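K.L.:
can't give you the sequence, but here's the structure:
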């Protein structure tokens, strides 16, 4: 573990674990979008462009488990990943989510962190910029 646990992260992990094996409702998905930082409150969830993309795939949230969410892996385990890694975060992503990306970026031997306009869903909100960064990353790794 790195530093103190964030209370919002602890609450979010508990919420995700509560979905394990459950039939995921639209209300569950809406609450997930709030917890994950896609929207600020429940009233916004169903009006976001991401809603239509996420709705058909909401059952994937039931695949999460305590074993997955509370992995015994350590940051030292990341040192064996020797390939180039692209990590992204959004300009308005929650601080605790940005921290995860930053810790991974400083722990992986060959990582690059890019900040794109948007929230936790920045890869969707700034899709063209994300694809440009991904293509650049792939070109760089193929040349190496």
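P.N.:
Looks like it came in fine. Since the model is a prediction, treat every value here as computed from it, not as a measurement.
K.L.:
Just name the shakiest helix or strand of this structure by mean pLDDT.
P.N.:
In the chain, no helix or strand scores lower on mean pLDDT, DSSP states H and E than helix 66-69, which sits at a mean of 73.
K.L.:
Could you tell me which other helices and strands that one packs against?
P.N.:
When contacts are defined as 3 or more Cβ pairs under 8 Å, 6 or more residues apart in numbering; DSSP states H and E, helix 66-69 packs onto helix 7-18. The way it works is simple: take the backbone N, C-alpha and C, and place the C-beta from them, glycine included.
K.L.:
Quick one: low-confidence residue ranges for this protein.
P.N.:
The chain contains residues with pLDDT under 70 at 1-5, 144.
K.L.:
In it, what residue spans correspond to helices?
P.N.:
Applying DSSP state H to the chain gives helices spanning 7-18, 26-35, 42-45, 49-54, 66-69, 95-107, 122-125, 127-143.
K.L.:
Adding distance to residue 113 and mean neighbour count as columns, could you present these in a markdown table?
P.N.:
What follows is these, written out as a markdown table (distance: least, Cβ to Cβ, whole Å; neighbours: other Cβ atoms under 10 Å):
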| stretch | distance to residue 113 | mean neighbour count |
| --- | --- | --- |
| helix 7-18 | 19 | 14 |
| helix 26-35 | 23 | 18 |
| helix 42-45 | 28 | 14 |
| helix 49-54 | 23 | 14 |
| helix 66-69 | 23 | 11 |
| helix 95-107 | 4 | 15 |
| helix 122-125 | 12 | 19 |
| helix 127-143 | 11 | 12 |
